[in-house]
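Trainee: predicted model follows, preceded by the sequence.
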Amino acid sequence: GQQVMQIPQYQHVQEGEDFTTYCNSSTTLSNIQWYKQRPGGHPVFLIQLVKSGEVKKQKRLTFQFGEAKKNSSLHITATQTTDVGTYFCAGLSNSGYALNFGKGTSLLVTP
Amino acid sequence: DVKVTQSSRYLVKRTGEKVFLECVQDMDHENMFWYRQDPGLGLRLIYFSYDVKMKEKGDIPEGYSVSREKKERFSLILESASTNQTSMYLCASSHDGYEQYFGPGTRLTVT
């Protein structure tokens, strides 16, 4: 079935450095969603990308959807300690209802 | 604000016990989901439901069943708990095609 692969699994950066996580699918995605889970918390929706080549920004976060709609990335500029957490991408499954989640990238930011 | 609640934050059960995990959402969402989350494995879908009394198996349904008698409530049942079912269980809900809202999670320990 459809699989969503996410890399890297872990990333440790100094505060102020940039961070990027990448998401790749074996099949074309109708859309892709990104979630953030703080330590001890639950996943919280960040954004959804639908169009080929789409780029969306939320303050220091930039989300991209590939032209072929098979890959996506999340880039954080000048990380802060509040960015700590695990970032998940997710694509809509063949069922049309459920999401296939990547395994996530855990970000640690050292002051 | 959408609110998804789960019956317990922490639960300790013995091997062989029947376990019920309850999830309630207050936003009239059609779709509800049960995931388990384990370190390094990300979010894995157990079951989902797209309507009352309708259910679909996810990626790891073995050892679990579900019940959805009312739109707002989705229950996960472990018929005979085993130690390999020790995990964090997350419930989520959504409208068709939109983001998922997660509950706070239930950390289940089976001894």
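Mentor: Good, I have the coordinates.

Trainee: bridge partners for the spatially most central residue of chain B, pull those for me.
Mentor: With distances taken as C-alpha atoms, centre = their mean, the residue of chain B nearest its centroid is B:W34 (3.0 Å). On the basis of DSSP bridges, B:W34 is bridged to B:Y47, B:C91.

Trainee: and it, what does it touch?
Mentor: Taking C-beta atoms under 8 Å, 6 or more residues apart in numbering or on different chains, we find B:W34 in contact with B:21, B:23, B:45-48, B:58, B:64, B:66, B:74, B:76, B:89-91. (C-beta placed from N, C-alpha, C; glycine too.)

Trainee: state the pLDDT value of it.
Mentor: Note on B:W34: pLDDT of 98.

Trainee: separation between it and A:E15?
Mentor: Counting by C-beta to C-beta, to the nearest Å, the gap between B:W34 and A:E15 amounts to 37 Å.

Trainee: which strands border the helix or strand containing B:S65, and is each parallel or antiparallel?
Mentor: According to DSSP states H and E, B:S65 maps onto strand B:64-70. Here strand B:64-70 is paired, per DSSP bridges, with strand B:73-78 (antiparallel).

Trainee: can the helix or strand encompassing A:Y35 be said to contact chain B?
Mentor: Assigned by DSSP H and E, A:Y35 falls within strand A:32-37. Yes - residues of strand A:32-37 contacting chain B under C-beta under 8 Å from any C-beta of the partner chain: A:33, A:35.

Trainee: render the CA-only coordinates of that strand in PDB, please.
Mentor: Provided in PDB are the C-alpha atoms of strand A:32-37 (Å, rounded to 0.1, in the frame of the first residue of the first chain):
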ATOM      1  CA  ILE A  32      -0.300  16.400   2.300                       C
ATOM      2  CA  GLN A  33      -0.800  17.500   5.800                       C
ATOM      3  CA  TRP A  34       1.800  18.400   8.500                       C
ATOM      4  CA  TYR A  35       1.500  17.900  12.200                       C
ATOM      5  CA  LYS A  36       3.600  18.900  15.200                       C
ATOM      6  CA  GLN A  37       3.700  16.900  18.400                       C
END
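
Trainee: partner strands of the helix or strand that comes right after it, with direction?
Mentor: Downstream of strand A:32-37, the first helix or strand assigned by DSSP H and E is strand A:44-49. Strand A:44-49 pairs in its sheet with strand A:32-37 (antiparallel), by DSSP bridges.
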